[in-house]
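Asker: any chance you could fold what I've pasted below:
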Amino acid sequence: MRKPGFLIPCLFALAVLTGCNKDTADKYVGEQITSMKEKGSDSFAALLEEGIAQSNEAYTLQFPEELREPYQEFLKDSFNTVTFEVSSAKKKSDDTFSVQVTYTPINVKRTTEGPNREYLDTLDNTDLTAAASSIIENDAGLLADSPVHDDEVISTLDVKKKDDAYTITKDSLDAFVRQAVVNYMEPYNQVCDIIDTYDFIKSYLNASFKGDVAQFALHTDRTEEEALAWYEEDVFDPPADLSSAYADRYKAALKTIMSQCQYTVGIPKKDAGNSGYTVDITTVPNKSFADAYQEFESGVYYSLDEASAGLVQAMEKYAAAPTFGEETTLNVTFNSSSLLSANQQNSELYNLATTILLMP
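Answerer: Just a heads-up that it's a prediction; the model follows:
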């Protein structure tokens, strides 16, 4: 049978953990939990730092500084849904007590995952701070109205006494907070997962067509030099029968043509099996490369040098005045398999690339 105790109404925020003239260690613990609910606690900041570190390791996009304060408030809102029962203190030594606290932890993921999936299906904002702020504001309402709790657990808080003052040890308090709020980073992670994927797809296209490799390097754990080498690899090799005197001009013209490609990345959606994403990519096909080759092939040349000059001159002409087709939108799958097959003809990403830049 549980020892007689008293209930702490639901909450958990930021707190001052030292008090004076407390009658008993368990009474002190109860008053401190109440104080934490009203004023907050450094343990919330510590809990958030742990979560941020894990999220920043998982995603290329980093947790926005502007989100720290509202997310700590969200942790408080989460803890507010928990009811605590503080049992009588046990004396461990002259200056140390243990106090057991019984409660059912709030599971943030189970509380919010259904509505959050619906929210993400209609997400129209790729600003991480704004989107995450919106979802945690909405989720705070879900926590208040329909919290979902895990099974009952008991935490033990270590309390030190010096003279007439009690103090809860930081380690036991931090562990208590960590156990009371489960899956607390899930709302942020769900948003960051989508926007991080959007950022990857955009950086992949920017690196592929424009040589803008800085963000792509971050997403793929490359140095910028390695990412630039990936961009240069094979793509700009001139035709085998092009005179070497025109190779550099050919390469420069093709880079300029590709840099003028136009595309807009939509907001990705997770596929039904959660194994990847689908995304709408809208492009105005760049016809310049194909038109340059068509113009070149309509000419008559009497030597390799003349043919080489004719091709390069046509490409330079369209690099200076590019031509475009009609806007079109493709729904494309992004996952590990599609990326590995990107260079294979008839694959989705190959088809995307040759739609963005029409080939001769």
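Asker: what residues are bridge-paired with the nearest residue to residue 205 once chain neighbours are set aside?
Answerer: With sequence-adjacent residues excluded and distances taken as C-beta to C-beta, 6 or more residues apart in numbering, residue 205 is closest to residue 263, at 5.9 Å. Just so you know, the C-beta spots here come from the backbone N, C-alpha and C atoms, and that holds for glycine as well. Beta-bridge pairing for residue 263 (DSSP bridges): residue 283.
Asker: tell me how far residue 263 lies from residue 333.
Answerer: 16 Å (C-beta to C-beta, to the nearest Å).
Asker: got it, and residue 237?
Answerer: From residue 237 to residue 333 the distance is 29 Å (C-beta to C-beta).
Asker: do the same with residue 202
Answerer: Distance, residue 202 to residue 333, by C-beta to C-beta: 16 Å.
Asker: residue 222 too?
Answerer: Here the criterion is C-beta to C-beta. By it, residue 222 lies 23 Å from residue 333.
Asker: show me the contact partners of the helix or strand containing residue 52.
Answerer: In this assignment (DSSP states H and E), residue 52 forms part of helix 42-58. Contacts to helix 42-58, defined as C-beta atoms under 8 Å, 6 or more residues apart in numbering, come from residues 12-15, 17, 36, 62-63, 68, 71-72, 75-76, 170, 173-174, 176-178, 181, 184-185, 188-189, 192.
Asker: for residue 224, which non-adjacent residue is spatially closest?
Answerer: Closest residue in space to residue 224, ignoring its immediate chain neighbours: residue 217 at 4.8 Å, by C-beta to C-beta, 6+ apart.
Asker: residues contacting that neighbour?
Answerer: Listed by C-beta under 8 Å, 6+ apart, the contact set of residue 217 reads 223, 224, 226, 227.
Asker: where does it land in three-state SS?
Answerer: Secondary structure state of residue 217, per DSSP: H, G, I helix; E, B strand; the rest coil, is helix.
Asker: follow-up on the earlier one: between residue 237 and residue 333, who's got more neighbours?
Answerer: Applying other C-beta atoms under 10 Å to residue 237 and residue 333 shows that residue 333 carries more neighbours, namely 17 against 13.
Asker: hmm, residue 352 and the more buried one touching each other?
Answerer: No - Residue 333 lies out of contact with residue 352 (C-beta atoms under 8 Å); the separation is 10.1 Å.
Asker: okay, now residue 198: neighbour count?
Answerer: When neighbours are defined as other C-beta under 10 Å, residue 198 has 20 of them.
Asker: tell me, how many residues neighbour residue 332?
Answerer: Close neighbours of residue 332, defined as other C-beta under 10 Å, add up to 20.
Asker: quick one: low-confidence ranges for this structure?
Answerer: Along the chain, the parts satisfying pLDDT under 70 run over 1-22, 234, 274.
Asker: report all helices and strands that the longest strand seen in it contacts.
Answerer: Taking DSSP state E as the criterion, the chain has its longest strand at strand 153-162. Judged by 3 or more C-beta pairs under 8 Å, 6 or more residues apart in numbering; DSSP states H and E, the packing partners of strand 153-162 are helix 25-39, strand 96-103, strand 165-168, helix 170-180.
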